Each structure stands twice: as C-alpha cells, then as structure tokens.
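**Student:** Below: sequence and its predicted model.
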Amino acid sequence: MSHLTRLAMFFRTSDNPYWTDKSRGRWLIAVAAVMWSTSGFFAKADVFDNWSQIERGPLLAFWRAFFASLILIPFVRRPRWSWKLIPMVLLFAAMNLTFLSSMTLGDPADTIWLQYTSPVWVFMVSVFWFKERAFARDWLMLTVVCIGLGIILLADFEKRDSGSLSYGLLSGLFFAGVVLSVRQLKHHDSAWLIALNHVVTASLLAPMILPMTSSPAGMQWCYLAGFGVLQMGVPYVLFAVGLRSVVGHEAAALTLLEPVLVPVWVFFAWGDLASWTTLTGGCFIFLGLLLRYVGARKAAFAGE
C-alpha cells in the first residue's frame, strides 16, 4: 500500500455524513492552494537580504526543490520510464528557475499572476497544435486574461523591473509546458512524476549554484526547509490525494486561492503592497480563469 493511499484512508476515518470523499478532496486542494500561496512570504524573507539579487532566485529554486524532494521521494511506489519524462522535467526546472527569479527581482503579485496565464498557453497549443475543440468559454477566458496580462505588462512599464516581468511571463509559458507534458503522462504514478520533477530540478540547478558566493547560514536553513517542505512538498501530496475525488476543472478553480493570497501574505509579513496595475490586471486574469472553470463545471452538468 502506497503512502498516498494510506494518507487518503486517514482522511476517511470520520463518520460525519457531510464529510464525504468529495468534500475532503475539496478541503485538501484548498489547503494545498493556501500553502502554495506562501511562496512570496519565503522568497521575499529578509533573512535572504545578504544574498545578491542575481543569485537569490537560482539559490531559492535549488534549495526549495532539494527539500521538497526529501519529503516527496518516500511517496514514490511505481516509477516507470518514458521518453516523455524528459521534456516534463526540463520544463519544470525552467519554470522553477524563472518563477523564483521573477519573484525575487520584482513584485511577487506580478509573478504569480503572470504564471497563472498558463491556461491561455495550454488552450492555444491544444486548439492550434493538437486541434482540440474549443468552446465559447475558452475564447472568453482568452480575451479577459489577455486584457489583464496587457495591464500588468504595459502599465507603468518604465517603473518596473523588465527582467522580473520577462521571467514571470516565461514561468507561465513553462508551466503550460509542464501541464501539457503531464497530460501526456496521465497513466504514470502522480507521486513518481512530482518527485522526479523536483529531484531533476535540484540536480540541474546544483552546478549553477556551486560557484556562487552566497550560501545558506543560520536561520536561512529553517526558511529554506520550510520553503521546500511546507510551501512545495506537502501541498503537492495533499493536492494529489484531493484529485482522487475532485474533477480537474473544480480543482483548478480551487487553486485560484493561490494567486489571490500571495500578495496578502507578502503585505502582512513584509509590508510590500502590490501596485494598483497589478491588482487590476490580476482581477481580470482571475475573472477570466473563474469564468472558464465555472463554465466548465456547468458544462459538465449539462453533458457538454
């Protein structure tokens, strides 16, 4: 019996009739999204201020993947090789590096909303490359998200770090690539895919950080362990268990808690307030994604 199965059985011990498999799954995914939303809290922590700004992103990406691997590897029970694993792990590593580089260089709220444009890229590749059917709600999402994207990228551009915005946009593109790759590996064990992504990410980034002048010390180790275990490793496990009883579009809607909460934790922890352009653009992106996933849920009930 796998660790994921044992964890799923643990959450079935309640006799409460309202505590169904689906409600448990929703709560697990919601908790995972809340834990993922602490990325800005860790990335912007003042304990890392003595690290150079250029080195900070790669260092955080490596150590987060390293500590996440430690908690994810024990859950692997059915490893299986496929050449399709190669693009997945490379895209995942690139996503982590660009995401944390963007977050350390600029506004975490910009970064998370730019990464959450990934459904747009997935949609475009699915429709124009794989020739999948597109519905009206898909085109509505594309339009509304692009408006939000334009606001974030173009408004007050000269006052913001162009490198951060570029990395954030790239992280969304790479995230879309990860989603498309995982879709091609849907018959593989999810714990195997998640753990492999993090192990390879740490392995690929290790040569990059070895010559760097900055290195962890003191309380930084606690933050890095928390970053890898609490912000990345544990939520992935909870999300995987939750997906067993919650359909994909509903899970995607629940994960929208993450971009909403990222700037909240950063503001309360470190006093950094997102700009009005980020908030406005983020509202458009959130609305577009929400319309898409709510529409998908209604369509599922209608048999579309």
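**Tutor:** Sure thing, it's come through. Just so we're clear, the structure is a prediction, and the values are computed from it rather than from any experiment. Numbers count the residues shown, from 1 in each chain.
**Student:** State the helix or strand in which Leu279 lies.
**Tutor:** Secondary structure from DSSP states H and E places Leu279 in helix 276-302.
**Student:** State the mean pLDDT of that helix.
**Tutor:** For helix 276-302, the mean per-residue pLDDT is 74.
**Student:** Surely Gly172 and Pro119 touch.
**Tutor:** No: at 9.1 Å, Gly172 does not count as touching Pro119 under the criterion of C-beta atoms under 8 Å. Every C-beta, even on glycine, is put in place using the N, C-alpha and C of the backbone.
**Student:** Looking only at neighbour counts, state which of those two leads.
**Tutor:** Under the neighbour definition other C-beta atoms under 10 Å, Gly172 and Pro119 were set side by side, and Gly172 has more, 26 against 23.
**Student:** Would you confirm that Ser102 contacts Gly168?
**Tutor:** Yes: counting by C-beta under 8 Å, Ser102 touches Gly168, with 3.9 Å between them.
**Student:** Mutual contacts of the two, please.
**Tutor:** Overlap between the contact sets of Ser102 and Gly168, as judged by C-beta atoms under 8 Å, 6 or more residues apart in numbering, is given by 110-111, 114.
**Student:** okay if I get those as TSV plus distance to Leu90, secondary structure and pLDDT?
**Tutor:** As requested, the shared contacts of Ser102 and Gly168 are exported to TSV (distance: C-beta to C-beta, whole Å; DSSP: H, G, I helix; E, B strand; the rest coil; pLDDT from 0 to 100):
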residue	distance to Leu90	secondary structure	pLDDT
Asp110	25	helix	89
Thr111	21	helix	91
Leu114	20	helix	91
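**Student:** Need the residues that contact stretch 76-95.
**Tutor:** For stretch 76-95, the external contacting residues (C-beta under 8 Å, 6+ apart) are 2-4, 65, 115, 170-171, 174-175, 177-178, 181-182, 184-185, 188-189, 191-193, 195-198, 200-201, 204-205.
**Student:** Next, the buried residues of that stretch.
**Tutor:** Across stretch 76-95, burial judged by 16 or more other C-beta atoms under 10 Å covers 76, 85, 88-95.
**Student:** how far out from the middle of the chain is it?
**Tutor:** Relative to the centre of its chain, stretch 76-95 is centred 16 Å away, using C-alpha atoms, centre = their mean, to the nearest Å.
**Student:** now do stretch 114-134
**Tutor:** 17 Å.
**Student:** Kindly report the same for stretch 245-256.
**Tutor:** Using C-alpha atoms, centre = their mean, the mean C-alpha position of stretch 245-256 is found 13 Å from that of the whole chain.
**Student:** CA-only coordinates of that stretch, as PDB, when you get a sec.
**Tutor:** Once non-C-alpha atoms are left out, stretch 245-256 reads as follows in PDB (Å, rounded to 0.1, in the frame of the first residue of the first chain):
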ATOM      1  CA  SER A 245     -12.200  12.600  -5.600                       C
ATOM      2  CA  VAL A 246     -12.400  16.100  -7.300                       C
ATOM      3  CA  VAL A 247     -12.700  16.700 -11.000                       C
ATOM      4  CA  GLY A 248      -9.900  18.600 -12.800                       C
ATOM      5  CA  HIS A 249     -11.800  21.900 -13.500                       C
ATOM      6  CA  GLU A 250     -13.100  22.100 -10.000                       C
ATOM      7  CA  ALA A 251      -9.600  21.500  -8.600                       C
ATOM      8  CA  ALA A 252      -8.300  24.200 -11.000                       C
ATOM      9  CA  ALA A 253     -10.900  26.700  -9.700                       C
ATOM     10  CA  LEU A 254      -9.900  25.900  -6.100                       C
ATOM     11  CA  THR A 255      -6.200  26.600  -6.800                       C
ATOM     12  CA  LEU A 256      -7.100  30.200  -7.700                       C
END
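**Student:** could you give me the average pLDDT of that stretch?
**Tutor:** The pLDDT scores in stretch 245-256 average 78.
**Student:** Identify each buried residue in it, please.
**Tutor:** Of the residues in stretch 245-256, those buried by neighbour count under the rule 16+ other C-beta under 10 Å are 245-246, 249-256.
**Student:** Going along the chain from the helix or strand that contains Pro207, find the next helix or strand for me.
**Tutor:** Under the criterion DSSP H and E, the helix or strand holding Pro207 is helix 190-209. Using DSSP H and E, the next helix or strand after helix 190-209 towards the C-terminus is helix 220-228.
**Student:** Which of the residues in that next one are classified as buried?
**Tutor:** Buried positions in helix 220-228, judged by neighbour count with 16+ other C-beta under 10 Å: 220, 223-228.
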